[in-house]
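Undergrad: Here you go, sequence then predicted model.
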Amino acid sequence: MRFATLVFCTIVATFLAISACLDVKEKPVIDLGAIDASKESDAVKAERYAQAGELIVLGPNFMDAQKLMDKALAYDPQNTRAGFWTTMLTVQMLNKGIFARLEPLIQTFDKEDQEKFNDLKSRYTKDLKDSSFTKFVMDGAGDIRSEEEFENHILYVHLAFLNMESLLKKLRETKMTMKSYIMNQGMDEGIGDCKAVIENDVLTPYTCPKAKLQQWDLDYADWEALRLYAMVEDYHYTGAAAYDLTGAYESHLALKKAKTEKAQILALKTNRRLGQLINPEMLKEINQAGLESIEVMKMAMANEDSFCKSGSFDTNNRPGHLIYVGFCVDGETRGVVNFVEKALKGPTKVAIKTYSSYGGFRWQSGKLRTVFNSQKLLDGSITNL
């Protein structure tokens, strides 16, 4: 992945919390002061605060939802709902002020990439207007000044995903009902007008006309699907944090200028630090996460009758659940699952079909047989990419 692209993907990761979509006929107002003043136990107060935060967690005011989760955890540090959402929001919260924080690093980019960054920045300013979300991503100190500091940020994001994976594994046997507002419009469809307001200890959920209050049940399949999502997302960050990124952008510029493959290879070899293995333990984490991902997929395959009743993704597979379209593994993916499992456990024989073509015709001409050993990459044997 190009370094500039990795930077932009890190920005986009902040916006996952507002990408979901759902019309509100009733907008309950939550009196937070009444919760504090009540004579209920701290555990009950915590749950009521967590449920209030959950109402607005999947929209552009997720940072305000986090404040309510913090209040819930202050009443009861063991509250499951608040703990879950706090963990799920960690990546977004780490990217607070991300545009301002990245500005010094972006200034070292060439004009073309600076323009891409500014286009992305102006899009969120324009479409989200003067929202809490805009302030959240725009306001901050320029503390990411180099590739090393960006790599430190990547490491924190990786650790957040690791924590997410661990919590979701613990929640597998938990059954929970969630209720939240979802937005039915995207970035260019007025989502900037969607605002939740906390004022004078009163929460007024989203006021945009297309917001809808949605309720889901979560059970084993939902938690495992979420855990699989976290592991897949984390692969990018784990790999980036394992190797030194110093000089990545310089090499990117050299590659843009190189006219031949030989010149491209020379451009990469010139940078002695880029691609050096600096966190070998990260590679072991990739291997472990890969094996756990396979176990989740095999669990879904074994429970196909209940997780994927129609045999493919369908809205009627699990009605009322968070993963309502079903947790399905198609035939092609099953083959990949079996191969990856073998590859992660040791050297694996593979046969790759080879093809020939002539006069517009193409046919299989044979097979290339070899041995694929993922352990050479994942055990730290390759110390310099």
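TA: Looks like it came in fine. Keep in mind that what you see is a predicted model, and the values were worked out from it rather than measured.

Undergrad: Quickly note the distance from Ser122 to Glu115.
TA: For Ser122, the distance to Glu115 (CB to CB, to the nearest Å) stands at 10 Å. For glycine as for every other residue, the C-beta is placed from the backbone atoms N, C-alpha and C.

Undergrad: for whichever helix or strand Ala343 is part of, packing partners?
TA: Remark: Ala343 resides in helix 331-345, with elements defined by DSSP states H and E. On a contact count with 3 or more CB pairs under 8 Å, 6 or more residues apart in numbering; DSSP states H and E, helix 331-345 meets helix 280-302, strand 348-358.

Undergrad: most packed of these?
TA: Greatest average neighbour count among those goes to helix 280-302 (a mean of 17), per mean count of other CB atoms under 10 Å.

Undergrad: and the angle from it to helix 331-345?
TA: When axes from the mean of the first three to the mean of the last three CA atoms, to 10 degrees is applied, the directions of helix 280-302 and helix 331-345 differ by 140 degrees.

Undergrad: Could I get the average pLDDT for the helix holding Ala343?
TA: Here helix 331-345 scores 82 as its mean pLDDT.

Undergrad: buried ones in it?
TA: Buried positions in helix 331-345, judged by neighbour count with 16 or more other CB atoms under 10 Å: Val337, Val340, Glu341, Lys342, Ala343, Leu344.

Undergrad: quick revisit: for Leu213, find the nearest of the helices and strands packed on helix 331-345.
TA: With CB to CB as the criterion, Leu213 lies closest to helix 280-302 of the helices and strands packed on helix 331-345, at 29.2 Å.

Undergrad: Who are the packing partners of the helix or strand following that closest one?
TA: Following helix 280-302 in sequence order, the next helix or strand is helix 304-307 (DSSP H and E). With contacts defined as 3+ CB pairs under 8 Å, 6+ apart, helix 304-307 has no helix or strand neighbours.

Undergrad: What residues of helix 304-307 count as buried?
TA: Phe307.

Undergrad: re earlier: which residues are contacting the helix holding Ala343?
TA: 287, 290-291, 294, 297-298, 301, 329, 348, 350, 372, 374, 378 (CB atoms under 8 Å, 6 or more residues apart in numbering).

Undergrad: Can I get that helix in PDB, CA atoms only?
TA: Provided in PDB are the C-alpha atoms of helix 331-345 (Å, rounded to 0.1, in the frame of the first residue of the first chain):
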ATOM      1  CA  GLY A 331     -18.400 -22.200  -1.700                       C
ATOM      2  CA  GLU A 332     -15.400 -20.300  -3.100                       C
ATOM      3  CA  THR A 333     -14.600 -18.900   0.300                       C
ATOM      4  CA  ARG A 334     -14.700 -22.300   1.900                       C
ATOM      5  CA  GLY A 335     -11.900 -23.400  -0.400                       C
ATOM      6  CA  VAL A 336      -9.900 -20.400   0.600                       C
ATOM      7  CA  VAL A 337     -10.500 -21.100   4.300                       C
ATOM      8  CA  ASN A 338      -9.100 -24.600   4.000                       C
ATOM      9  CA  PHE A 339      -6.000 -23.500   2.100                       C
ATOM     10  CA  VAL A 340      -5.300 -20.500   4.400                       C
ATOM     11  CA  GLU A 341      -5.600 -22.700   7.500                       C
ATOM     12  CA  LYS A 342      -3.100 -25.200   6.100                       C
ATOM     13  CA  ALA A 343      -0.700 -22.300   5.100                       C
ATOM     14  CA  LEU A 344      -0.800 -20.700   8.500                       C
ATOM     15  CA  LYS A 345       0.100 -24.000  10.200                       C
END
